[in-house]
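Undergrad: with the input below, show me the fold.
(3 chains)
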Amino acid sequence: MSYFRAENLALHFGGLKAVDAVSFAVEKGEILSIIGPNGAGKSSIFNLISRIYSPTSGKIFFEDQDITEQPPYAIARLGIARTFQNIELFENATVLSNLLVGRHRHSTTQLWQELLFLPSVRANEKAHRRRVEQVIEFLDLEPYRDKLISGLPYGVRKVIELARALSSEPKLILLDEPSSGLNVEETDDMSFWIRDMRTELGITVLMVEHDMSLVNRVSDRVIALNSGRVLAMGPPAEVQQHPDVVAAYLGA
Amino acid sequence: MRFLFKTDYEDDIRLFPHSGYFVSYGILFALLLTAPYVLSSYLMSQLVFVCIYATVGVALLILTGFTGQASLGHAAFLAIGAYTAAYLQQFDVPFPVYFLAAGLLTGVVGALVGFPALRLQGIYLVIATISFAFIVEEILARWESVTHGNEGMRVKTLYLFGTAVSRDSPAFYFLCLAVLVLTIVGALNLLRSPTGRAFVAIRDSETAARSMGINVSLYKVKSFAISAAITGLAGCLFAHKLSFISPEMFTLQLSIEFIIVILIGGTFSLHGAVLGAIFIVMIDPFLTYLKDDMPGLIAGMAATMGAGSERAAHIQDSVAAFASLNGLKGAIYGIIIVLFVLFEPLGLYGRWLKIKLYFQLFPLYKRATFKRQKIYVKSERNR
Amino acid sequence: MLDFVQQLVSGVALGCVYGLIALGFVLVYKATEVVNFAQGDLMMLGGFFAFTFIGMLGLNYWLGFAGAVAAMALFGMLAERLVVRPILGYPQFSIIMATIGLGFFLRSVSGMIWGTDDFKIDTPFSQGVVRIGSLVLADDKLSVIAATIILCTLLYLFFNKTTLGTAMRASSENMLAAYYMGIPVKRVVSIVWAISAAVAGCAGVLLAPITFVHSNVGLVLGLKAFPAAVLGGFGSIPGAVVGGVLIGVIESMAGFYLAEGWKDVAPYVVLLAVLLLKPEGLFGLHIRKKV
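TA: Numbers count the residues shown, from 1 in each chain, chains lettered A, B, ... in the order given. You can find the predicted model right below:
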């Protein structure tokens, strides 16, 4: 059985078929990219997985468990973290507390314990902080710990969102256009981090990306989508040569 | 300027980041403890109201300031706490029991209000809480077997550990102060724990909060329940302080006053609740002062500046007439709110921070440090 | 049965007044996504202007009516310029609080100027009645209903058929984008405030013979108009009027058929029930945020 599997996933808005009978599987430790022109349904697939939308039909499996009917917060609890295309950070909080929110799925303390701030809560907080510091080190975010998000530039926010997802120690991470809005150097960093995520942290990566050079550098396999349907699937070079993909990109 | 070198994760967790805090809060605490032996009984009474209003302010900050759920129904929570206390008191229930019961029952009601509020956003939530408050007010007026309707209820003197604690005694003030301090400490503890961070996360982006594993509905209900429970505790003290409660004390006007407390104090920090409460409660003594002393004072000033005695008397009369105008309080409220929104959006605590920073950075302070950014809100309907 | 129809008509008339105030809420909301908590107080001010023109200066009723509405439009612009313009583009909670402050101020100041007594305005329809069989309908109530229908139709056409209306809707969706597209957002907002204050003024004048004019009338009626606007979906012009009528009818039916005390809370109970079932109101659209 595959690590993560989508079967005949569909999302229809009235007559519009944003996602139409899409099936794919992700193997453990793989980096899989979803490419396709604008409006192909890439982000919709992510939104279906993290249950921001409910699928019209189809099923989603993770670690051999049917997660199609789980509420959104439960998806994260299972170890699926994500980033957003347009950045959804907690604007009026510091970087540190943003990352600590990422630890939420590991918090075990009860409300009454927190009101009294018992030693167990304190110990837990320090443990969370230790894990967050590892992520900060991994992504070179040391200068920003106590800064408010609202004052930070776009490129840094993008990395912080990645850091927040990593803080939750996910098994599978969904990256929605990790390089959009980044300059060449930042994109380079991103490609190293994505590969390190797999090799050092053992995280399986599913990403949506427009930048083909980034896709080529990091992905094991690529899925090409158009109009909500899968056009081709396979190694990056192969998919890019595929006649249907070429046609979709050239608009023929 | 002080530079903090952090050497331990503890440095980011503790409530007092450095020794200066112990000094300043120690002095404040000493002043508060000696207050009953220094201040007049009228000012002491106002100070008790400051404690109660500040407690409600903290409760409202948790809900509105940190979880981002606006409420114009907190007077109803206060009423439920007050009536629970007054009702249980009739059966000789001891104070600690009915005090906690007031908090608990109000907390449960708060959670029940929270459930329908889950699906509501922004202005819809505001209106739902207003509706809730109206309904509670009407129930209090009609459920005569329990609440005595519009006749109101007497609240007997508080007995704690067998001794009477009169509502004007220093002991009652210390009780209210203790409740306020414990509430603030509890709220601070909450805010540095996962629950507090979840609240802030919900305020800033519900979508992201969900995708990080936060059960948004559960935490919203929790926030409502906590906020209501604290308000209920304050309601119990409020009932004792007034010694008589009736439905028309808990109107929309009071709910708006609570919102003004946090708005004027500053919605981003618990300091705001206390500063705002001081401000709101002290408006009354200020107006009394205006009525009694200002006419003479201004006439005196006019006289020293060369106005004739006849003219000075005329000025005195017109100032007195102005100060005793009906509804002056409402107009002042209105002007204060508008001025704060326009010119001091961070509230009194924000002003305090600006002054502090000014002296720390002197002479390098830039006004732009605290400049509010226009965000040109895109439609909030699409949330 | 006759009682029922009588109650229904007076409920509809009352509801139209709520609807007119709600219309003001909706206009400002549609154009700026701000809820104007001072809307009821603007209506009260309209009533006082009319009273000043007609009762104190002795102008002809229609002239006084027009004068009051024009004065309110100017006042709306003034209020927008002083209170709303400086904080345009800031979080909406600030603007809502500012309008609450404005409401406090207007209530107190009109209490200071006109006193706290009740005033009555003589109108051409104060006395007349229309008889249909044994049904007796007062002219003043019918006039409110007629005026509401006319105003609602005009505003609906204005919003949906004119360029200015489209500009208003655009600036509510995204102020910055509208500005970049060449829409003078500030002027648009100013005009919307003028219109909504004028509508409030109309409501105030029409209401004068029914409820009297006093400084708290705005608060009382404004709080009833809220549920009306919410029930109607807070962004829909016909919705506001339908919501208002519903609230008015519920209130008058509850007052007649149910025990004492229900009259005042029934609208809120219904409102909460509707919000529970349909959080976006009866006519509201629910659009999701795109991520």
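Undergrad: all the strands of the chain, in order from the start?
TA: Unless you meant another one, I'm taking chain A. Counting by DSSP state E, the segments of chain A that form strands are A:4-13, A:16-26, A:31-35, A:57-62, A:65-66, A:80-82, A:172-176, A:204-208, A:221-226, A:229-234.
Undergrad: my bad, the chain I had in mind was chain C
TA: With DSSP E as the criterion, chain C has strands spanning C:129-132, C:135-138.
Undergrad: looking at those strands, spot the one closest to residue A:220.
TA: strand C:135-138 (79.1 Å; C-beta to C-beta). In short, each C-beta sits where N, CA and C put it, glycine included.
Undergrad: okay, buried residues for the closest one please.
TA: Applying a neighbour-count criterion of 16 or more other C-beta atoms under 10 Å in any protein chain shown, one finds C:137, C:138 buried in strand C:135-138.
Undergrad: repeat that for stretch B:240-256.
TA: With burial defined by 16+ other C-beta under 10 Å, the residues of stretch B:240-256 counted as buried are B:240-243, B:245-247, B:249-252, B:254-256.
Undergrad: cool, stretch B:327-347 as well?
TA: For stretch B:327-347, burial by neighbour count (16+ other C-beta under 10 Å) applies to B:327-328, B:330-338, B:340-342, B:345-347.
Undergrad: neighbours of whichever residue of chain A sits closest to chain C, how many?
TA: The minimum distance from chain A to chain C, using C-beta to the nearest C-beta, falls at residue A:84 (5.1 Å). Look at residue A:84: counted by other C-beta atoms under 10 Å in any protein chain shown, it has 24 neighbours.
Undergrad: and what of residue A:154?
TA: So residue A:154, with other C-beta under 10 Å, has 11 neighbours.
Undergrad: please name the bridge partners of the residue sitting nearest the centre point of chain A.
TA: Using C-alpha atoms, centre = their mean, the residue of chain A that lies closest to the mean C-alpha position is residue A:174, 1.9 Å off. Judged by DSSP bridges, the bridge partners of residue A:174 are residue A:82, residue A:206.
Undergrad: now do the contacts for residue 237.
TA: Just so you know, I chose chain A. residue A:216 (C-beta atoms under 8 Å, 6 or more residues apart in numbering or on different chains).
Undergrad: could you do chain C instead?
TA: By C-beta under 8 Å, 6+ apart, residue C:237 lies in contact with C:23, C:26, C:27, C:30, C:152, C:155, C:156, C:159.
Undergrad: show me the contacts for the second one.
TA: Under the criterion of C-beta under 8 Å, 6+ apart, the neighbours of residue C:26 are C:229, C:232, C:234, C:235, C:236, C:237, C:239, C:240.
Undergrad: repeat that with 6 Å
TA: Residues near residue C:26 by C-beta atoms under 6 Å, 6 or more residues apart in numbering or on different chains: C:229, C:237, C:240.
Undergrad: for residue B:100, grab the count of nearby residues.
TA: Residues near residue B:100, counting by other C-beta under 10 Å, number 14.
Undergrad: quick one: distance of the helix or strand hosting it to the chain centre.
TA: Assigned by DSSP states H and E, residue B:100 falls within helix B:95-117. Relative to the centre of its chain, helix B:95-117 is centred 18 Å away, using C-alpha atoms, centre = their mean, to the nearest Å.
Undergrad: which outside residues touch it?
TA: For helix B:95-117, contacts defined as C-beta under 6 Å, 6+ apart pick out B:77, B:80-81, B:84-85, B:88, B:125, B:132, B:158, B:160, B:220-221, B:224-225, B:228-229, B:232-233, B:236, C:276.
Undergrad: and these, which of them are in helices?
TA: B:77, B:80-81, B:84-85, B:88, B:125, B:132, B:220-221, B:224-225, B:228-229, B:232-233, B:236, C:276 (DSSP state H).
Undergrad: and those, which are buried?
TA: Buried subset of those (neighbour count, 16+ other C-beta under 10 Å): B:77, B:80-81, B:84-85, B:88, B:125, B:132, B:220-221, B:224-225, B:228-229, B:232-233, B:236.
Undergrad: any regions of the chain where pLDDT drops low?
TA: No chain in the question, so chain A it is. Scanning chain A with the threshold set as pLDDT under 70 gives A:1, A:251-252.
Undergrad: actually it's chain B I care about, not the one you picked
TA: The model of chain B has pLDDT under 70 over residues B:1-2, B:326, B:369, B:371-383.
Undergrad: wait, what's in contact with the most centrally placed residue in it?
TA: By C-alpha atoms, centre = their mean, chain B has its centre lying nearest to residue B:57, at 2.5 Å. Shown in contact with residue B:57 (C-beta under 6 Å, 6+ apart): B:261, B:262, B:273, B:276, B:277.
Undergrad: which two in those residues are spaced the farthest apart?
TA: B:262 and B:277 (9.2 Å).
Undergrad: all helices for the chain, in order.
TA: Just so you know, I chose chain A. All helices of chain A, identified by DSSP H, fall at A:42-49, A:72-77, A:95-102, A:111-116, A:119-138, A:154-167, A:184-201, A:212-218, A:236-241, A:243-250.
Undergrad: chain C, not that one
TA: Secondary structure of chain C (DSSP H): helices located at C:2-32, C:39-50, C:61-79, C:92-114, C:139-161, C:163-173, C:175-180, C:185-211, C:217-231, C:237-257, C:262-277.
Undergrad: hmm, back to that, which one of the strands of chain A lies closest to residue C:213?
TA: It's strand A:4-13; of the strands of chain A, that one is closest to residue C:213 (C-beta to C-beta) at 50.8 Å.
Undergrad: partners of that closest one in the sheet?
TA: Applying DSSP bridges, strand A:4-13 is found paired with strand A:16-26 (antiparallel), strand A:57-62 (antiparallel).
Undergrad: want to throw the ones you listed into a markdown table with mean neighbour count?
TA: Listed next are the strands paired with strand A:4-13 as a markdown table, based on neighbours: other C-beta atoms under 10 Å in any protein chain shown:
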| stretch | mean neighbour count |
| --- | --- |
| strand A:16-26 | 18 |
| strand A:57-62 | 18 |
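Undergrad: those residues of chain B touching chain A, which are they?
TA: B:9, B:13, B:186, B:189-190, B:193-195, B:197, B:200-201, B:204-205, B:207-208, B:210-215 (C-beta under 6 Å from any C-beta of the partner chain).
Undergrad: just the residues you listed that are near chain C?
TA: residue B:207.
Undergrad: filter the residues of chain B next to chain A down to the ones in helices?
TA: Among those, the residues falling in helices (DSSP H) are B:13, B:186, B:189-190, B:194-195, B:197, B:200-201, B:204, B:207-208, B:210-211.
Undergrad: export these to TSV and tack on neighbour count and distance to residue A:242?
TA: TSV is the format used below for those (neighbours: other C-beta atoms under 10 Å in any protein chain shown; distance: C-beta to C-beta, whole Å):
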residue	neighbour count	distance to residue A:242
B:13	16	54
B:186	19	61
B:189	20	58
B:190	22	55
B:194	26	47
B:195	23	50
B:197	28	46
B:200	21	46
B:201	29	42
B:204	20	42
B:207	19	34
B:208	24	35
B:210	24	36
B:211	29	32
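Undergrad: from the contacts of residue C:237, which is closest to chain B?
TA: If you rank those by distance to chain B using C-beta to the nearest C-beta, residue C:30 comes first, at 10.4 Å.
Undergrad: from residue B:114, how far off is that closest one?
TA: Remark: distance between residue C:30 and residue B:114 (C-beta to C-beta, to the nearest Å) = 30 Å.
Undergrad: please apply the same query to residue C:109.
TA: Relative to residue B:114, residue C:109 is positioned 38 Å away (C-beta to C-beta).
Undergrad: between these two, who's got more neighbours?
TA: A side-by-side neighbour count of residue C:109 and residue B:114, using other C-beta under 10 Å, places residue B:114 first with 23 against 20.
Undergrad: skipping its backbone neighbours, what lies nearest residue 225 in space?
TA: I went with chain A, as the question did not name one. In this structure, residue A:225 finds its nearest non-sequential neighbour in residue A:36, 3.7 Å apart by C-beta to C-beta, 6 or more residues apart in numbering or on different chains.
Undergrad: actually, chain C is the one I wanted.
TA: Nearest non-adjacent residue to residue C:225, counting by C-beta to C-beta, 6+ apart: residue C:21, 3.6 Å away.
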